[in-house]
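# dropping the sequence and predicted coords here.
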Amino acid sequence: MHNNIKTARKELKISQLEMSELLNISRQSYIDIENGTRVPRSDLLFNISLITNKNITFFYNEHHLSQLDKIAFLFQGKTEIEKNHYIELLESLIKKHKNNHLS
């Protein structure tokens, strides 16, 4: 999580001090979060997501999300037609992969 928080801040091109001021916490508290020695409270993580314009799931390491959660996240905001199209593509890829392993 801490690496993703640091990455998001750097993408904004703001300092740790600026981020700490935006979050209304001490600079040292923010540094501890980025170093991974402190885990941010949920409200603080929510504010970091607002400041950095990142979905809160961005800050969690990928291993915290199941494969199905990742797929569901990719489908957010898609129309039913788009979802069905992507499902068909996925089914086709799975079938092709399965056939390649059988030959």
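Looks like it came in fine.

# can you find the helix or strand in this structure with the smallest mean pLDDT?
Lowest on mean pLDDT, DSSP states H and E among the helices and strands of the chain sits helix 67-75, with a mean of 71.

# now the helix or strand just after it: average pLDDT?
Next in sequence after helix 67-75, counting helices and strands by DSSP states H and E, comes helix 80-102. What helix 80-102 shows for mean pLDDT is 87.

# do stretch 7-16 as well
On average, stretch 7-16 scores 95.

# over to stretch 48-56?
92.

# quick one: stretch 77-94 to chain centroid distance?
Centroid displacement of stretch 77-94 relative to its chain, using C-alpha atoms, centre = their mean, to the nearest Å, is 22 Å.

# show residues contacting that stretch.
74-75 (C-beta atoms under 8 Å, 6 or more residues apart in numbering). Bear in mind the C-beta positions are built from the backbone N, C-alpha and C, glycine included.

# now with 7 Å, please.
Phe75 (C-beta atoms under 7 Å, 6 or more residues apart in numbering).

# give me the residue at the spatial middle of this structure.
Phe58 (1.3 Å; C-alpha atoms, centre = their mean).

# from Ser26, how far out is that one?
For Phe58, the distance to Ser26 (C-beta to C-beta, to the nearest Å) stands at 24 Å.

# what do you get for Lys78?
42 Å.

# name the nearest residue to the residue nearest to the centre of the chain, sequence neighbours excluded.
Asn4 (5.9 Å; C-beta to C-beta, 6 or more residues apart in numbering).

# domains of the chain?
Per the record, the chain has its domains at 2-62, 65-102, by automatic domain parsing.

# could you give me the buried positions within stretch 3-13?
4-6, 8-9 (16 or more other C-beta atoms under 10 Å).

# again with stretch 49-64
49, 51-52, 54, 59.

# got the CA positions of it in CSV?
Extracted C-alpha coordinates of stretch 49-64, given in CSV (Å, rounded to 0.1, in the frame of the first residue of the first chain):
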residue,chain,number,x,y,z
SER,A,49,-7.6,8.9,-2.9
LEU,A,50,-9.5,12.2,-3.3
ILE,A,51,-6.4,14.3,-3.5
THR,A,52,-4.6,12.0,-5.9
ASN,A,53,-7.8,11.3,-8.0
LYS,A,54,-7.2,7.6,-7.6
ASN,A,55,-9.8,4.9,-6.9
ILE,A,56,-9.2,3.6,-3.4
THR,A,57,-8.5,0.1,-4.7
PHE,A,58,-5.4,1.6,-6.4
PHE,A,59,-3.7,1.7,-3.0
TYR,A,60,-4.2,-1.9,-2.1
ASN,A,61,-1.6,-4.4,-3.4
GLU,A,62,-2.9,-6.6,-6.2
HIS,A,63,-2.7,-9.7,-4.0
HIS,A,64,-5.4,-8.2,-1.8
